[in-house]
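[1] no letters, just coordinates:
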């Protein structure tokens, strides 16, 4: 097996500017034509996204499990949010990458959704 496994994988917790009902996530990596030797082995492969009730919550609400295959940018729909919750914190867990055993590079991760105060939301 290649890449990072769940036991040793990395994670990133993001505090959003407001409570958001997540609808989509976008993951960015360097375009293959700009990568050294056209190699994307350090790009995330399998990952999970969780909504957290607070920043250092030990457990989160799994919003989906995904595979990053469309370089350099791919957008993913939330797969589940059974309690239809708004979140101020979102955690990205990298479960594997495309083969690099030393590190995983993350260029940008975006959360798209509806803010809690929808009266001030302009779409």
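    Now that the structure is in, tell me what you want to look at. Note that the structure is a prediction, hence the values are computed from the model and not measured.
[2] secondary structure element holding the most centrally placed residue in the chain?
    Centroid-nearest residue in the chain, with CA atoms, centre = their mean: residue 92, separated by 4.2 Å. Using DSSP states H and E, residue 92 sits within strand 87-94.
[3] tell me the strands beside that strand, with direction?
    strand 11-28 (antiparallel), strand 46-52 (antiparallel) (DSSP bridges).
[4] just the ones you listed: most buried one?
    Of the strands paired with strand 87-94, the one with the most neighbours on average (mean count of other CB atoms under 10 Å) is strand 46-52, at a mean of 21. For glycine as for every other residue, the C-beta is placed from the backbone atoms N, C-alpha and C.
[5] I'd like the distance from that one to the chain centre, please.
    6 Å (CA atoms, centre = their mean, to the nearest Å).
[6] and the helix or strand that that strand is followed by, what's buried?
    Using DSSP H and E, the helix or strand that follows strand 46-52 in sequence is strand 61-67. Neighbour counts over strand 61-67 (16 or more other CB atoms under 10 Å) mark 61, 62, 63, 64, 66 as buried.
[7] quick one, what contacts the closest residue to residue 92 other than its chain neighbours?
    Nearest residue to residue 92, sequence neighbours excluded (CB to CB, 6 or more residues apart in numbering): residue 12, at 4.7 Å. Residues near residue 12 by CB atoms under 8 Å, 6 or more residues apart in numbering: 91, 92, 106, 109.
[8] can you rerun that using 10 Å?
    Applying CB atoms under 10 Å, 6 or more residues apart in numbering, we find residue 12 in contact with 47, 90, 91, 92, 93, 94, 106, 109.
[9] in a markdown table, list the strands paired with strand 87-94 along with mean pLDDT and distance to residue 114.
    As requested, those are arranged in a markdown table below (pLDDT from 0 to 100; distance: least, CB to CB, whole Å):
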| stretch | mean pLDDT | distance to residue 114 |
| --- | --- | --- |
| strand 11-28 | 96 | 4 |
| strand 46-52 | 97 | 13 |
